[in-house]
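Visitor: Have a look at this prediction, sequence included:
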Amino acid sequence: MTAAPSPEVLRAPLVVEFPFTRSLGPVQSAFLTGLRERTVLGVRTGDGTVLVPPVEYDPVTADEIRDLVEVAPTGTVTTWAWEASPRRGQPLTTPFAWVLVKLDGADTALLHVLDAPGPDTVHSGQRVRIRWAAERTGAITDIACFEPYGSESGTAAGSAPATAHSGLFDDAVTGITAPARLDYVYSPGRAQSDYINALAERKTVGERCPSCAKVYVPPRGACPTCGVATTDRVEVGPAGTLTTYCIVNIKARGLDIEVPYVYGHIALDGAGLALHGRIGGIPYDQVRMGLRVEPVWTEGARFPDHYRPTGEPDADYDTYKELI
Amino acid sequence: MRDVAIVAFAQSDHRRRTDECSEVDMVMPVLHSVLAQTGLRTSDIGFTCSGSSDYLAGRAFSFTMTLDGVGAWPPISESHVEMDGAWALYEAWVKLLTGEADTALVYSYGKSSPGSVRDVLTRQLDPYYVAPLWPDSVALAALQAQALIDAGETDEPALAGVAARSRGDAAGNPHAQLPGPRPQGDYLVRPLRTGDCPPISDGAAAVVLAAGDRARALCQRPAWIRGMDHRIEAHSLGVRDLTDSPSARLAAERAGAFERPVDTAELHAPFTSQEVVLRKALRLGDGVRVNPSGGALAANTVMAAGLVRLGEAAARIQRGESDRALAHATSGPCLQQNLVAVLEGEAQ
């Protein structure tokens, strides 16, 4: 891979989290509103199959389907799996069984969990019923879980037929919010680790392509033009030339920099391309292409806070025109 | 229709962690390898297609970074699928069939180590009725395994046999993460034990495709793609018969797999129980050599494991160890989506 010595590869937690807000179609809306009201609805396809959970289009013919029916809150396990170590976000925090349950009156199975004392008490064909959540909002989690119900021989499995249902409820649920969170430990790899570690020593390093000799700052470990590894480490700067810039007039939330301020592309001396940073120490309306700048480090920071004019004469356009 | 072949294949060593490598560090060696095998340079490649997933990386447009390893200047004809690289290969194959290109570079990669792949894969599920319950990939595979056991199609000793055979075969594969048999271990999600489940892997793979005489010029014995097709089943698990894979069967039929027997099958079956489903759906008899590479049970680099199956099958043909091979890739929970390719070598 690469030959450059690597003191330490950096790692940092990275959390990706979204409260996904989703709108519902008419059938999904009826189903989830029904759960809020302790009523389980399915949908009947053209050939009479009752789908629970219901969908808006027939999975076989793709025909639009709207013929809602009500099914029983009791059903039969069609397959199961024992989860001994529940994970974050799952419906129960104690060991449970994942189950596919065919509710009485339905022809397809619903995925949920079964609260059972142990794997030896669960089997396919087992009779179960819904345990409703105490607080229901119109979501699949309004079913808290399933629980064992009667014995398979003593109850009339599957005998309750589905009955027609209007699907109309007061105050129908029309959307759901589905929070999703994924946790990562991000590692940027060798090249970017080296770059960030060098910044901690107030040095800016790039890597030279062995094929075209261009110096990449920040380095990513590869030359995107030649498609080869960049292994030759080069210190660049500290001063550089402002190649182009813009004036920011809108304050970003959480940013304590007064507007207007200048954001620019800075070609550090010896670098083959420009990186970007904020320009300070000069009124915004006096900033110009070719301005010579240098980094300003603040105490304890791991990267330059901004770049300020060095006071040198402006660079000649021909010296940086390839770097804009 | 033009004949198109796989003319080169390379894969990384698949490993549990690769913290010191960025994605492009991981991809570059396999790209360089397939180019070296064919003598092609980046500028000779007519079309480039890659497969990967932003959710594995936890970053938007993560695939653009690996383009650094391709050398995309001057601008190239390029595409990406948010799928296993097997589907990128399908796109490239179509591109070559249309005559828009004579050669294609296909690559894919995955780093599962930064996140929790079991949790990450829940995000591909139905967001209304299923994803809010966070059923992870092992739990869903376990539901399928129990359905097979209840149907009398397999049992735990038979599943352990699949695991032992796969990892035993992997002992001959220098890139495998789990070479050699392992203990079946405890239940992860019953009835699946750790031995029934794939390792969590980081790695990359690449192939070069070429059409007609170009393929013959680049490779002594090209692995001709005689047919390829991919199919999907209903999103809702409760609608499907989990003991069968009608989508794999239909893809195989459309790829021509049933026209003549194959001698080798590289199946993308991350769980032992899924091999049982696929053997039946793909009508593979006992005479067919299944997963001589060790398969996904020996290394399961998410987003590359399917492309590796195509590459392993092709490499076996190029080495003269197979004359007609089936390669399979899957995506989604419980074999929801399946791709089948039929590869052949010419008479030696």
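Guide: Nice, thanks for sending it over. Predicted model only: the values in this text are computed from it and were never measured.
Visitor: Show residues contacting the host helix or strand of residue B:148.
Guide: Using DSSP states H and E, residue B:148 falls within helix B:137-150. For helix B:137-150, the external contacting residues (C-beta atoms under 8 Å, 6 or more residues apart in numbering or on different chains) are A:78-83, A:98, A:100, A:111, A:124, B:117-118, B:121-122, B:154-156, B:159, B:188-192, B:196-197, B:237, B:242-243, B:270-274, B:276-277, B:333-335. All C-beta spots, glycine's among them, are computed from the backbone N, C-alpha and C.
Visitor: And stretch A:269-280, by the same measure?
Guide: Residues outside stretch A:269-280 that contact it (C-beta under 8 Å, 6+ apart) are A:206, A:208, A:214-218, A:234-237, A:239-245, A:257, A:261-268, A:287, A:291, A:293, A:295-296, A:304-308, A:323-324.
Visitor: Now intersect those residues with the strands, please.
Guide: A:206, A:208, A:215-216, A:234-236, A:240-245, A:261-268, A:293, A:295-296, A:306-308 (DSSP state E).
Visitor: filter those residues to the buried ones?
Guide: Buried by 16 or more other C-beta atoms under 10 Å in any protein chain shown: A:206, A:208, A:215-216, A:234, A:236, A:240-243, A:245, A:261-262, A:264-268, A:293, A:295, A:306-308, out of the ones in strands among the contacts of stretch A:269-280.
Visitor: quick revisit: mind checking which of the contacts of helix B:137-150 are in strands?
Guide: A:78-83, A:98, A:100, A:111, B:188-190, B:192.
Visitor: Strands of the stretch 1-150 of chain B, start to end?
Guide: B:4-11, B:47-51, B:78-81, B:103-111 (DSSP state E, counting those that start in this stretch).
Visitor: circling back to that earlier point, would you mind checking the contacts of helix B:137-150 for buried ones?
Guide: For the contacts of helix B:137-150, buried by 16+ other C-beta under 10 Å: A:78-83, A:98, A:100, A:111, A:124, B:117-118, B:121-122, B:154, B:156, B:159, B:188-192, B:196-197, B:237, B:242-243, B:270-274, B:276-277, B:333-335.
Visitor: For chain A, which residues score under the pLDDT cut-off?
Guide: Low-confidence regions of chain A, defined by pLDDT under 70, span residues A:1-7, A:151-159.
Visitor: one more time with 50
Guide: Across chain A, the ranges flagged by pLDDT under 50 are A:1-5, A:154.
Visitor: where do the helices sit along it?
Guide: All helices of chain A, identified by DSSP state H, fall at A:26-36, A:189-200, A:317-320.
Visitor: What are the contacting residues of the longest one?
Guide: Pointing back at helix A:189-200 there. With contact meaning C-beta under 8 Å, 6+ apart, helix A:189-200 is reached by A:2, A:4, A:6-10, A:187-188, A:204-207, A:217-221, A:230, A:233, A:235, A:302-304, B:19-25.
Visitor: In PDB, could you pull the C-alpha coordinates for it?
Guide: Taking Å, rounded to 0.1, in the frame of the first residue of the first chain, the C-alpha atoms of helix A:189-200 are listed here in PDB:
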ATOM      1  CA  GLY A 189      -6.800   6.700   6.900                       C
ATOM      2  CA  ARG A 190      -3.100   7.400   6.800                       C
ATOM      3  CA  ALA A 191      -2.900  10.400   4.500                       C
ATOM      4  CA  GLN A 192      -5.500  12.500   6.300                       C
ATOM      5  CA  SER A 193      -4.300  11.400   9.700                       C
ATOM      6  CA  ASP A 194      -0.800  12.600   8.800                       C
ATOM      7  CA  TYR A 195      -2.200  15.900   7.600                       C
ATOM      8  CA  ILE A 196      -4.200  16.500  10.800                       C
ATOM      9  CA  ASN A 197      -1.400  15.400  13.000                       C
ATOM     10  CA  ALA A 198       1.000  17.800  11.300                       C
ATOM     11  CA  LEU A 199      -1.600  20.600  11.700                       C
ATOM     12  CA  ALA A 200      -1.400  20.000  15.500                       C
END
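Visitor: For residue A:103, name its beta-bridge partners.
Guide: Taking DSSP bridges as the rule, residue A:103 bridges to residue A:75.
Visitor: neighbours of it, just the number please.
Guide: Neighbours of residue A:103 under the rule other C-beta atoms under 10 Å in any protein chain shown: 27.
Visitor: Surely it touches residue A:53?
Guide: No - the criterion here is C-beta atoms under 8 Å, and residue A:103 misses it with residue A:53 at 9.7 Å.
Visitor: just so I have it, where are all the helices in the stretch 201-348 of chain B?
Guide: B:212-218, B:246-255, B:272-281, B:305-318 (DSSP state H, counting those that start in this stretch).
Visitor: for stretch B:23-40, what is the average pLDDT?
Guide: Taken as a whole, stretch B:23-40 carries a mean pLDDT of 96.
Visitor: Flag every buried residue along that stretch.
Guide: Buried residues in stretch B:23-40 (16+ other C-beta under 10 Å): B:23-35, B:37-38, B:40.
Visitor: Residue A:184 is in contact with residue A:14, correct?
Guide: Yes - the pair residue A:14 / residue A:184 is scored as a contact, 4.2 Å apart, by C-beta under 8 Å.
Visitor: Which neighbours do the two have in common?
Guide: Contacts common to residue A:14 and residue A:184, judged by C-beta under 8 Å, 6+ apart, are B:58, B:114.
Visitor: Any stretches of the stretch 51-200 of chain B with poor pLDDT?
Guide: Applying pLDDT under 50 to the stretch 51-200 of chain B flags no residue at all.
Visitor: Most proximal residue of it with respect to chain A?
Guide: The nearest approach of the stretch 51-200 of chain B to chain A comes at residue B:71, 2.7 Å away (C-beta to the nearest C-beta).
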